[in-house]
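> Fold the stuff below for me.
(one chain, ligands or ions: 1)
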Amino acid sequence: MNNLSVKYDTVLFDLDGTITDSATGIAGSIRHVIQRMGLPEIEEEKLGLFMGPSLNESFSRHLGLAGDDIERAVAIYRDDYAVSGIYNNRVYQGIPNLLLRLKKSGASVILATHKPTVYARLILEYFGLLGLFDSVVGVPLDANYHDKADIVRQALPARRKGRAVMIGDRQNDMKAAKANNIDAIGVLYGYGSESELVGSGADRIAAAVSDLAEMLLPMDGGRSEIAPTVNGLFMTIEGIDGAGKTTQVPLLAERLTQMGWEVVTTREPGGDLVAEKIRELLKADGIGDMTAETEAYLFAASRAQHVRKVIMPALARGAVVISDRFVDSSIAYQGAGRELGASRVQRLNELAVDVCVPDLVMLLMVDLETALLRRGSATRLDRIERSGESFFRRVYDAFVGLAEEEPDRVHIVDASRSIEETTAQTLALAAECVKAHLMA
Ligand code: TYD
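Just a heads-up that it's a prediction; the model follows:
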């Protein structure tokens, strides 16, 4: 921690349009209000006007409601939002990493929103971000109206040491900052325009989340950063052929993207052109006998390429990398399947992987018979897939053994049930891993 070098030691964030892109969820609940109250439909483009200001203000201005009708509309909106709108939301890419870096640099990170505090907390929790905020200040569920300036006033810690800044996407955020004599940064990736933000007092404008990092994090003479980039996360999915890894990877990627991460999905053997060429060689027919040792070295060679050209650069950018197979596949397939021995295969992979160790290994388990059945639908089997049942029995037993010997490292996912049930398990493991990373 290096408090002295922090540009701002108190950083307030607005939620909708600044941390989360909540348009879909909010628009859905607005439409629900319009329908339930029998109001005339409004055009799609007009729904954007509801993002940012308080509901009362929007309902009066854009739906022409007044008095009790506003209260009724707000109640209908909240009932719908609580069950469907709230999770119909995504975090802007780069936000988790920015918050983590701010935290590590010693700043107080505070949420100041027009939303009811309970919803704001639920949303942050759903995206794994709650623990990164020192406090979450919204409005009580039964509040009728709150000026954003009051929320910011409440959110600002009484004893602040240095400078504070409010970051938001609408004019009420900028005005609230100015009313409290703090700096205001307007973001353009939300729902407000540059003229709106500048016209309402923005001191600076951030076009993208990456600009925020530059404005908020301490730089050393504008060149090397004192607050270093935080590494991303490396997750691998393992299992025998037919376990369903290929189905799970994109589903996992989608959820992590929704949580604001840059996600890189990849597979082994493969990754870049060199590694793909090695893959072709490994799978090729008609090239004569390949010894088990050659096969093990080829997998390790493609991995060396994959690690250095794909995985490490992505992790250095702060991305989450999900790899369909990694070194545990070599231990199971070449170590056990080809009977080279786990420790020898482990040793020959050391140079290939270097310091690139997965943060999470998920092992998709189905019994061998189910896997063979699932795989049976594939018309042409490649060289490895034709290795015979006793080979796959050894591979299967080796995976089970890995999970039994190292339960803290290798996490079993029961993949024998529906895709949805399997996905629920992989998502829970990934979310836990992200949370641990953000809280470390
Ligand atoms: P692929 O068609 O990608 O199979 P899957 O979709 O089941 O992953 O081919 C990868 C094959 O290579 C698969 O049969 C497992 C095998 N393999 C090894 O034998 N050792 C390894 O280290 C790796 C990564 C894969």
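
> Assign I412 to helix, strand or coil.
strand (DSSP: H, G, I helix; E, B strand; the rest coil).

> Dig out what it forms beta bridges with.
I412 has the following beta-bridge partners by DSSP bridges: L363.

> Please list all residues in contact with it.
Going by Cβ atoms under 8 Å, 6 or more residues apart in numbering, I412 touches L363, M365, A403. Quick note: C-beta positions are derived from backbone N, CA and C, even for glycine.

> any idea how far it lies from the ligand?
18 Å (Cβ to the nearest ligand atom, to the nearest Å).

> What pLDDT does the model give that residue?
I412 is assigned a predicted lDDT (pLDDT) of 97.

> Could you measure from it over to A275?
Per Cβ to Cβ, to the nearest Å, I412 is found 28 Å from A275.

> what's near enough to touch V413?
By Cβ under 8 Å, 6+ apart, the neighbours of V413 are M362, L363, L364, M365, T422, Q425, T426, L429.

> try 7 Å
By Cβ atoms under 7 Å, 6 or more residues apart in numbering, V413 lies in contact with M362, L363, L364, M365, T422, Q425, T426.

> And for G201?
Applying Cβ under 7 Å, 6+ apart to G201 gives the contacts M174, K175, A177, K178, A184.

> For the third one, the count of nearby residues, please.
Under the neighbour criterion other Cβ atoms under 10 Å, A177 is assigned a count of 28.

> residues touching whichever residue of the chain sits closest to the ligand, list them.
Nearest residue of the chain to the ligand: Y333, at 3.0 Å (Cβ to the nearest ligand atom). The contact partners of Y333, by Cβ under 7 Å, 6+ apart, come to V395.

> Using the three-state scheme, assign it.
With three-state DSSP as the basis, Y333 sits in helix.

> Which pLDDT value belongs to it?
pLDDT at Y333 comes out at 97.

> just the one 3 residues further on next, same as before
At A336 the predicted local confidence, pLDDT, stands at 98.

> What sits closest to it if chain neighbours are left out?
A398 (3.4 Å; Cβ to Cβ, 6 or more residues apart in numbering).

> I figured L15 was touching L111, is that so?
Yes - counting by Cβ atoms under 7 Å, L15 touches L111, with 6.0 Å between them.

> Break the protein into its domains for me.
Domain ranges of the chain: 10-20+89-225, 23-85, 233-439, per automatic domain parsing.

> Could you single out the most deeply buried of the ones you listed?
Of all those, domain 10-20+89-225 has the most neighbours on average by mean count of other Cβ atoms under 10 Å, namely a mean of 19.

> any shared contact partners between L15 and L111?
Common neighbours of L15 and L111, counting by Cβ under 7 Å, 6+ apart, are A120.

> what stretches of the stretch 1-150 of the chain score poorly on pLDDT?
Scanning the stretch 1-150 of the chain for pLDDT under 70 picks out 1-6, 144-145.

> one more time with 90
Residue ranges of the stretch 1-150 of the chain with pLDDT under 90: 1-7, 22-26, 41-57, 78, 81-88, 104-106, 141-146.

> Going along the chain, name the strands of it.
For the stretch 1-150 of the chain, the strands defined by DSSP state E, counting those that start in this stretch occupy 10-13, 20-21, 90-91, 108-116, 135-139.

> Now tell me what touches the third one from outside.
Counting by Cβ under 7 Å, 6+ apart, strand 90-91 makes contact with I19, T20, D21, F127, Q258, M259, G260, all of which sit outside it.

> mind redoing it with 6 Å?
Defining contact as Cβ atoms under 6 Å, 6 or more residues apart in numbering, one finds that strand 90-91 is touched by T20, D21, F127, Q258, M259, G260.

> can you put those residues in JSON lines and add distance to the ligand?
Putting the contacts of strand 90-91 into JSON lines (distance: Cβ to the nearest ligand atom, whole Å) gives the following:
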{"residue": "T20", "distance to the ligand": "35"}
{"residue": "D21", "distance to the ligand": "33"}
{"residue": "F127", "distance to the ligand": "30"}
{"residue": "Q258", "distance to the ligand": "25"}
{"residue": "M259", "distance to the ligand": "26"}
{"residue": "G260", "distance to the ligand": "28"}
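
> Let me know the closest of those to V74.
Distance to V74 across those (Cβ to Cβ) is lowest for T20, with 20.3 Å.

> I'd assumed N89 was in contact with that closest one.
Yes - assessed by Cβ atoms under 6 Å, T20 is found in contact with N89 at 5.0 Å.

> near the ligand, which residues of the stretch 101-250 of the chain?
D241, T246 (Cβ under 6 Å from any ligand atom).

> repeat for the stretch 301-440 of the chain
D324, R325, S329, S330, Y333, Q334, I384, E385.

> which residues touch the second one?
With contacts taken as Cβ under 6 Å, 6+ apart, R325 has the following neighbours: E268.

> remind me, longest helix of this structure?
Ranked by residue count under DSSP state H, the longest helix found in the chain is helix 419-439.

> what about P157, which SS state?
Quick answer, by three-state DSSP: P157 is coil.

> so where's the stretch 201-350 of the chain uncertain?
In the stretch 201-350 of the chain (pLDDT under 90), the answer is 214, 217-231, 241-244, 284-288.

> Run through the helices of the stretch 1-150 of the chain in chain order.
Here the stretch 1-150 of the chain has its helices, by DSSP state H, counting those that start in this stretch, at 23-36, 55-63, 68-83, 95-104, 117-126, 148-155.

> Could you dump those into a markdown table with distance to A342 added?
Putting the helices of the stretch 1-150 of the chain into a markdown table (distance: least, Cβ to Cβ, whole Å) gives the following:
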| stretch | distance to A342 |
| --- | --- |
| helix 23-36 | 48 |
| helix 55-63 | 60 |
| helix 68-83 | 49 |
| helix 95-104 | 36 |
| helix 117-126 | 40 |
| helix 148-155 | 54 |
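
> mind checking which of those is nearest G271?
helix 95-104 (22.9 Å).

> who touches the closest one?
Residues contacting helix 95-104 (Cβ under 6 Å, 6+ apart): V11, I19, V109, L132, L212, A213, L217, A227, V230, G260, G318, L438.
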